[in-house]
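Visitor: Sharing a model prediction with you, sequence too.
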Amino acid sequence: MAEKYVLGYSSGTVSEPVLWKLIKDFNIQVNILKASISPGLEGSLLVELHAEQEPGDLEKALAWLDSIGVSCVSVAKRLSWNEEKCADCGACTGICFSSVLTLDRETWKLQVDKDKCVACGNCVKACPFGCFTLDFGE
Ligand code: SF4
Ligand code: SF4
């Protein structure tokens, strides 16, 4: 069964043919669900990954991604938002490529639609007040 992951590219890896290598070298079926990548800049890909032949191929592929500096986060992670600490500054809204985080145009309060979250972690880094955390549900 295919599982969803968010791949995080640094400026050094964004031009590499990473998905092609996943398919060719590791026999991984890749389905791109969402992409936010600019040449020479950081980027994120939401993908479904499925090992076509051996289940162990997926573990090898994930280890290879880590070795080349491409982060790979399972969407099984879950987002927590501390509304009490939130100052509604809006700093997190521009970095969420899943449109989870928006400011209400009437109240100017942050709205969080957790159902759209793909657990990329961008907002965790972006919030100056540490309002977001991701847990693994363990
Ligand atoms: S982790 Fe944060 S930035 Fe990433 S999709 Fe979820 S709400 Fe958006
Ligand atoms: S960056 Fe933090 S404080 Fe600012 S709106 Fe987002 S959650 Fe609230």
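Guide: Perfect, I can see it now. Ligands and ions are numbered 1, 2, ... in the order given.
Visitor: now the strands for this protein?
Guide: 3-9, 28-37, 43-51, 71-74, 78-81, 101-103, 110-112, 132-135 (DSSP state E).
Visitor: I'd like those as CSV, with distance to residue 20 appended.
Guide: All C-beta spots, glycine's among them, are computed from the backbone N, C-alpha and C. Rendered in CSV, the data for the strands of the chain read as follows (distance: least, C-beta to C-beta, whole Å):
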stretch, distance to residue 20
strand 3-9, 13
strand 28-37, 9
strand 43-51, 13
strand 71-74, 16
strand 78-81, 31
strand 101-103, 32
strand 110-112, 36
strand 132-135, 29
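Visitor: ok, longest helix in the protein?
Guide: helix 56-67 (DSSP state H).
Visitor: picking up where we left off before, kindly reformat the strands of the chain as TSV containing mean neighbour count.
Guide: Formatted as TSV, the strands of the chain follow (neighbours: other C-beta atoms under 10 Å):
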stretch	mean neighbour count
strand 3-9	20
strand 28-37	15
strand 43-51	20
strand 71-74	16
strand 78-81	16
strand 101-103	18
strand 110-112	18
strand 132-135	16
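Visitor: so the longest helix of the chain versus strand 43-51, what angle?
Guide: Here helix 56-67 runs at an angle of 160 degrees relative to strand 43-51 (axes from the mean of the first three to the mean of the last three C-alpha atoms, to 10 degrees).
Visitor: Now the residue nearest the centre of the chain: closest residue in space, sequence neighbours ignored.
Guide: The centroid of the chain falls nearest to residue 120 when counting by C-alpha atoms, centre = their mean (2.7 Å). Of all residues not flanking residue 120 in the chain, residue 6 sits nearest, at 4.3 Å (C-beta to C-beta, 6 or more residues apart in numbering).
Visitor: The one you found and residue 70 touch, don't they?
Guide: No: Residue 6 is beyond contact range of residue 70, at 10.5 Å (criterion: C-beta atoms under 8 Å).
Visitor: which residues does the residue nearest to the centre of the chain contact?
Guide: By C-beta atoms under 8 Å, 6 or more residues apart in numbering, the contact list for residue 120 reads 6, 8, 44, 46, 73, 97-98.
Visitor: Next: residue 130.
Guide: 82, 85.
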